[in-house]
Each structure stands twice: as structure tokens, then as C-alpha cells.
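> sequence first, then the predicted structure:
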Amino acid sequence: MRKLSVRSETWPLAKPFTISRGTKTEAQVVVVEIADGAHVGRGESVPYPRYGETVDDVLSEIRNQSTAIEDGLERDALWYVTVPGAARNAIDAALWDLQAKSEGVPVWQLAEVPEPQSVLTAQTLGIDTPDAMGAAAAELAAAPLLKVKLGADQVLERMRAVRRGAPDARLIADANEAWDIDLLKSAAPELAELGVEMIEQPLPADADGDLAGYDCPVLLCADESCHTSDDLSALQGLFGMVNIKLDKTGGLTEALNLARSAQAAGFKIMIGCMVGTSLAMAPAMMLASFAEFVDLDGPLILKDDREPGLVFDRGRVAPPVPALWG
């Protein structure tokens, strides 16, 4: 019989991290372990207040499934007894890991995806003054791809400073729902001139309709507006890309479905993350072959990472070792 263990952990950040919704100084994560007597499968998720989640609620939701999990609940059945979100993600990841260890087969083979390779990952700059963001960009100037968090003020001033600091880096921007359509229309032309290749979720999710008929000069990516494959039809004609995060889909199982469905529907794909340890990033590496952009730098924002962790080197991240996950 299986044994379920679930706990919360707090991981301090290397420095305060600011996005349009506020500043955080630590990452609160939930870790699930499922043991079968011979092997232990692990998963990590990040409860996200934007989606009405708290650590306590996620812990309770997981514990509510303890009997079913210990009695042998499988990933496909998990879809029917939980909702998309952090609780399902942690369980799903642990079940994938447990299956891989029990069968001696890596997750990428079980998931029928290409073997993960080292891939380029974005490195994220939080919101600060233009001068501070320019200095931060200069420190990362050798990184091939920078993701720049933006709010509703000093949008162009901040992006100009980042471009000066990192003249050769590829740039993507993330407004985290902070803009309105007028700000997007006024800023997008110069952002395109600055070489910004993509803008992530410029408008609040409930204002996506304002994008109808607008031909943005920069590729637009849905993040908060896209959780599962059920959301894709509403995004047609508004966004050219979707950001797949395991804490939104409720794990790798639905993320694979979303990636395949999005690809079939003509969307480009980004693989993203919340701020967590390498254990949270590892399952998302299975999706890298689908992606135009990979943004799995969460562990780089932490003061310390889990050991063993993912290996980051010169803007690239290597796939997880079995001792971490999968």
C-alpha cells in the first residue's frame, strides 16, 4: 500500500522580487511524497493567490485525497477528483515520478515526448527603477534571453534602460495584467523597435476581448488567461502564444494535453513557472520540445535551491537527474 506525505516549505529569495501585483521575499511551496515501499515519488507546487489559492487550502485539498492516493489513485483518475491548480500539480508530479522509479523508465518515455536536452531559458528581471533595471540587465548582459517584468508606469523608460544594459540580449516582456488596451497600443510600436519579441498577458484576463481586431506589432502571449485546453477556443484571434505552467494546468498530464491541443490550434507555446525550487521546474522540462520560449528560472530567484537541483549555465538549463525527479 502507498503512503502519502505532504508538507509546506518556505524558501527565501536572493533579493526582493517585484511584479505588477506586488513584491515577495520568499517562495512558499507544497511538497508531496508518495511511497510504495520500494520507491518514493516527489512533486512540488506553488499555491498562487491570484488564483485564489493559499498554502493551507492546497494542503487540505491534497490531504482530502489521501485515502484515494494511498489506495492506488492513478494520474488519469486524478483529473476527475481534483481541479486544475497547485494541489493537483503536486500530486500529479509525484505520481509521474513514482511510476518512473517503479518501472525504471524515465518520464519522457512514459509521456512519449523527445528526450529532454539542455535548453535556453529566460532569466527574469523584476520591476525596479529604470536605472536599477538597466544595471540588473547589464549584470545579465551575457544571458541570451531576458524576461522583463513591467507595471503600468514607466514602461518604455524601463525597457529602454534594459536594452541599454543588455544591447545584445533577446527580450520578452511580462505585464502580468497591468495594462489596458490604450497603453498596449501606445507602447507596442516602440517595444517592437527595441527588439521585444513577445508581450505576456498585457491586459487583465477579463479584458481580453479588448484585443479583438488589434494587430499588435509584438507577439502576444496568454498567461493568466490560459490554464487548460478548455481555454484555447476563447483565445483564438486574440493571442498568438500561450504560456503553459504546471501550477495552472494541474500538472504535467494536462500540460501535455494543452501543449498538443495548442500546437494543433496554431498557437506558439511558452513553458513558464512560478517561483519555486528545481523540483517544481523538473516536470516542465518534459515540455521543452513544444516551446518557442522556456522560462524556468525560478530557482535562480531563490537564495538557495534544492539539492540536487537543475544545472543552469550561461542562460541554459539542463534536464533533471533522476535523483531530483523523473
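Nice, I can see it. Residues are numbered from 1 along each chain as shown.
> flag every buried residue along the longest strand seen in the chain.
Taking DSSP state E as the criterion, the chain has its longest strand at strand 3-19. Judged by neighbour count (16 or more other C-beta atoms under 10 Å), strand 3-19 contains these buried residues: 4, 6, 11, 13, 17, 19. Glycine gets a C-beta too; all of them are placed from N, C-alpha and C.
> off-centre distance for whichever helix or strand comes after it?
Per DSSP states H and E, the first helix or strand lying C-terminal to strand 3-19 is strand 22-35. Offset of strand 22-35 from its chain centre (C-alpha atoms, centre = their mean, to the nearest Å): 14 Å.
> mind listing the strands strand 22-35 pairs with, and their directions?
Using DSSP bridges, the strands paired with strand 22-35 are strand 3-19 (antiparallel), strand 40-45 (antiparallel).
> contacts for the helix or strand bottoming out on mean pLDDT in the chain?
When the helices and strands of the chain are scored by mean pLDDT, DSSP states H and E, helix 75-81 comes last with a mean of 93. Contact with helix 75-81 is made by 65, 68, 73, 88, 91-92, 95-96, 99, 250-251, 253-254, as judged by C-beta atoms under 8 Å, 6 or more residues apart in numbering.
> and the helix or strand following it, what's buried?
Next in sequence after helix 75-81, counting helices and strands by DSSP H and E, comes helix 86-103. Buried residues in helix 86-103, counting neighbours by 16+ other C-beta under 10 Å, are found at 86-101.
> now the residue nearest to the spatial centre of the chain: how far from Ile91?
With distances taken as C-alpha atoms, centre = their mean, the residue of the chain nearest its centroid is Cys273 (1.7 Å). Per C-beta to C-beta, to the nearest Å, Cys273 is found 18 Å from Ile91.
> again, but for Thr124
27 Å.
> what about the strands in the protein?
3-19, 22-35, 40-45, 119-120, 123-125, 145-149, 170-174, 196-200, 219-222, 241-244, 268-271, 293-294, 312-313, 316-317.
> what would those look like in TSV with mean pLDDT?
TSV is the format used below for the strands of the chain (pLDDT from 0 to 100):
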stretch	mean pLDDT
strand 3-19	96
strand 22-35	97
strand 40-45	98
strand 119-120	97
strand 123-125	96
strand 145-149	98
strand 170-174	98
strand 196-200	98
strand 219-222	98
strand 241-244	98
strand 268-271	98
strand 293-294	98
strand 312-313	95
strand 316-317	96
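> what's the closest of the strands paired with strand 22-35 to Val218?
strand 3-19 (19.0 Å; C-beta to C-beta).
> hmm, who's touching that closest one?
By C-beta under 8 Å, 6+ apart, strand 3-19 touches 23-35, 55, 59, 62-63, 66, 69-70, 90, 126-128, 149, 151, 174, 176, 275-277, 300-304.
> can you select the buried ones from these in ChimeraX?
This is how ChimeraX selects the buried members of these, with burial counted by 16+ other C-beta under 10 Å:
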select :27,28,29,30,31,32,33,34,35,55,59,62,69,90,126,127,128,149,151,174,176,275,276,277,300,301,302
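> with distance to Met133 added, can I get the strands of the chain in a markdown table?
Output for those, formatted as a markdown table (distance: least, C-beta to C-beta, whole Å):
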| stretch | distance to Met133 |
| --- | --- |
| strand 3-19 | 10 |
| strand 22-35 | 14 |
| strand 40-45 | 29 |
| strand 119-120 | 21 |
| strand 123-125 | 6 |
| strand 145-149 | 7 |
| strand 170-174 | 12 |
| strand 196-200 | 14 |
| strand 219-222 | 21 |
| strand 241-244 | 22 |
| strand 268-271 | 21 |
| strand 293-294 | 20 |
| strand 312-313 | 21 |
| strand 316-317 | 23 |
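> of these, give the one that comes closest to Ala323.
Nearest of those (C-beta to C-beta): strand 40-45, 10.4 Å.
> distance from the chain centre to that closest one, please.
Distance, centroid of strand 40-45 to centroid of chain: 17 Å (C-alpha atoms, centre = their mean).
> verify the stated contact: Ser261 with Asp230.
No. The pair Ser261 / Asp230 is not scored as a contact, 9.3 Å apart, by C-beta atoms under 8 Å.
> neighbour count winner among these two?
Higher neighbour count among Ser261 and Asp230: Ser261, with 18 against 12, using other C-beta atoms under 10 Å.
> pLDDT score for that one?
Note for Ser261: predicted pLDDT of 98.
> and the gap between the closest residue to it other than its chain neighbours and Leu256?
Counting by C-beta to C-beta, 6 or more residues apart in numbering, Ser261 lies nearest to Ser229, which is 4.2 Å off, once chain neighbours are set aside. Counting by C-beta to C-beta, the separation of Ser229 from Leu256 is 10 Å.
> ok, Ala264 next?
13 Å.
> of the two, who's got more company?
Using other C-beta under 10 Å, the more surrounded residue of Ala264 and Leu256 is Leu256, with 19 against 10.
> from what I see, that one and Leu287 are in contact.
Yes. Counting by C-beta under 8 Å, Leu287 is a contact partner of Leu256 at 7.1 Å.
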